[in-house]
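A.B. asks: no sequence for this one, just the structure:
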């Protein structure tokens, strides 16, 4: 399904999630960060982007995880 189009500002399409994965690589918890949740509540383009991202995260599971030696992964 294509993402939302016609957004007046491409930055409206950026959303952040807090994600926890189960040991088998499936999604254990998926939650918009507070800033993205506020933005999605007030902007239909951001809301559509967050819904599309959420669907994609679930559709791509299970994720391959590194060895149990690494218990926490950071994107930064």
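C.D. replies: Received the coordinates, thanks. This one's a predicted model, so the numbers in the text were calculated from it and none came from an experiment.

A.B. asks: Where does the prediction get shaky in this protein?
C.D. replies: Within the chain, the segments meeting pLDDT under 70 span 1-5, 68-76.

A.B. asks: go again using 90 as the cut-off
C.D. replies: Applying pLDDT under 90 to the chain flags residues 1-13, 23, 64-76.

A.B. asks: and the longest helix for it?
C.D. replies: Secondary structure of the chain per DSSP state H: the longest helix is helix 44-59.

A.B. asks: List the neighbours of that one that are in contact with it.
C.D. replies: With Cβ atoms under 8 Å, 6 or more residues apart in numbering as the test, helix 44-59 has contacts from 1, 3-4, 6-8, 12-15, 17, 19, 27, 30, 32, 36, 39-41. Backbone N, C-alpha and C define where each C-beta goes, glycine included.

A.B. asks: again, only using 6 Å
C.D. replies: 3, 4, 7, 12, 13, 15, 27, 32, 39, 40 (Cβ atoms under 6 Å, 6 or more residues apart in numbering).

A.B. asks: Quick one: those as JSON lines, columns for secondary structure, neighbour count and distance to residue 53 too.
C.D. replies: Formatted as JSON lines, the contacts of helix 44-59 follow (DSSP: H, G, I helix; E, B strand; the rest coil; neighbours: other Cβ atoms under 10 Å; distance: Cβ to Cβ, whole Å):
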{"residue": "3", "secondary structure": "coil", "neighbour count": "13", "distance to residue 53": "9"}
{"residue": "4", "secondary structure": "coil", "neighbour count": "16", "distance to residue 53": "11"}
{"residue": "7", "secondary structure": "coil", "neighbour count": "16", "distance to residue 53": "14"}
{"residue": "12", "secondary structure": "helix", "neighbour count": "18", "distance to residue 53": "13"}
{"residue": "13", "secondary structure": "helix", "neighbour count": "18", "distance to residue 53": "9"}
{"residue": "15", "secondary structure": "coil", "neighbour count": "20", "distance to residue 53": "6"}
{"residue": "27", "secondary structure": "strand", "neighbour count": "17", "distance to residue 53": "12"}
{"residue": "32", "secondary structure": "strand", "neighbour count": "20", "distance to residue 53": "9"}
{"residue": "39", "secondary structure": "helix", "neighbour count": "21", "distance to residue 53": "13"}
{"residue": "40", "secondary structure": "helix", "neighbour count": "19", "distance to residue 53": "10"}
